[in-house]
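Q: Structure of the sequence below:
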Amino acid sequence: MRFESPVRHERGLRPGVFFLVNTLAREGRLTPEQRAFWRAGNDWFDAAYTTPSTAYDRAANPGAVAWFKSTATHLIERVPGYLDLLAAHGVPCRTVRSTDPGRVVYEDDVQVIVVPYEAS
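A: The predicted structure is shown next:
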């Protein structure tokens with residue numbers, strides 16, 4: 001399961017939910033309450049699972065993106081708050097499901113990072 005923009009950005013990828021909300025924060029568009037939610041949420045997610053930086057190496061894995069495993073319910077159940085932030089700012093986000101989203105470059109118990117077939 002992946003939460004992503006329906007629109008590709010300049011590198012041809014569909015940014016994920018965290019990238020989209022982080023962009024709002026970086027641009028200073030969040031209210032103080034939204035910013036507090038975002039900061040606490042990101043801290044929780046950072047502690048809850050690994051972000052393997054080598055999987056995102058642009059030369060080795062161009063276009064690599066993360067997908068939640070459907071069994072990672074403790075992570076997925078926290079995403080709606082992020083979706084609410086995006087909706088409040090008019091930023092579209094869609095939910096995509098696939099059993100074969102691309103070439104797997106990293107996998108653990110809660111996520112799979114793939115290079116989508118269209119990016120391969």
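Q: Taking the chain centroid, which residue in the protein is the extreme one?
A: residue 32 (22.3 Å; Cα atoms, centre = their mean).
Q: Now that one, what are its backbone angles?
A: When read as degrees, to the nearest 10, the backbone of residue 32 gives phi -60, psi -40.
Q: Model confidence score at it, please.
A: Note on residue 32: pLDDT of 98.
Q: got it, and residue 100?
A: For residue 100, the model assigns a pLDDT of 95.
Q: Ok, residue 51 next?
A: Residue 51 is given a pLDDT of 84.
Q: ok, now residue 120?
A: Per-residue pLDDT puts residue 120 at 50.
Q: any idea how far residue 117 is from the residue positioned nearest the centre of the chain?
A: Centrality entry for the chain: nearest residue to the mean C-alpha point is residue 16, 3.5 Å, by Cα atoms, centre = their mean. Applying Cβ to Cβ, to the nearest Å, the value for residue 16 to residue 117 is 17 Å. Heads up, the C-betas are built off the backbone N, CA and C, glycines and all.
Q: List the contacts of the residue nearest to the centre of the chain.
A: Listed by Cβ atoms under 8 Å, 6 or more residues apart in numbering, the contact partners of residue 16 are 2-5, 65-66.
Q: Show me just the buried residues among those residues.
A: With neighbours counted by 16 or more other Cβ atoms under 10 Å, those contain buried members at 2-5, 65-66.
Q: Filter those residues down to the ones in helices?
A: Among the buried ones among the contacts of residue 16, the subset assigned to helices under DSSP state H is empty.
Q: need those residues in a markdown table with distance to residue 42 and pLDDT, can you?
A: Shown next, in a markdown table, are the buried ones among the contacts of residue 16 (distance: Cβ to Cβ, whole Å; pLDDT from 0 to 100):
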| residue | distance to residue 42 | pLDDT |
| --- | --- | --- |
| 2 | 18 | 98 |
| 3 | 15 | 98 |
| 4 | 17 | 97 |
| 5 | 18 | 97 |
| 65 | 18 | 95 |
| 66 | 14 | 95 |
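Q: Taking those together, which two end up most distant?
A: Using Cβ to Cβ, those reach their maximum pairwise distance at 5 and 66, which is 14.0 Å.
Q: Give me the buried positions along the helix or strand where residue 46 lies.
A: Using DSSP states H and E, residue 46 sits in helix 32-48. Buried residues in helix 32-48, counted by 16+ other Cβ under 10 Å: 34, 37-38, 41.
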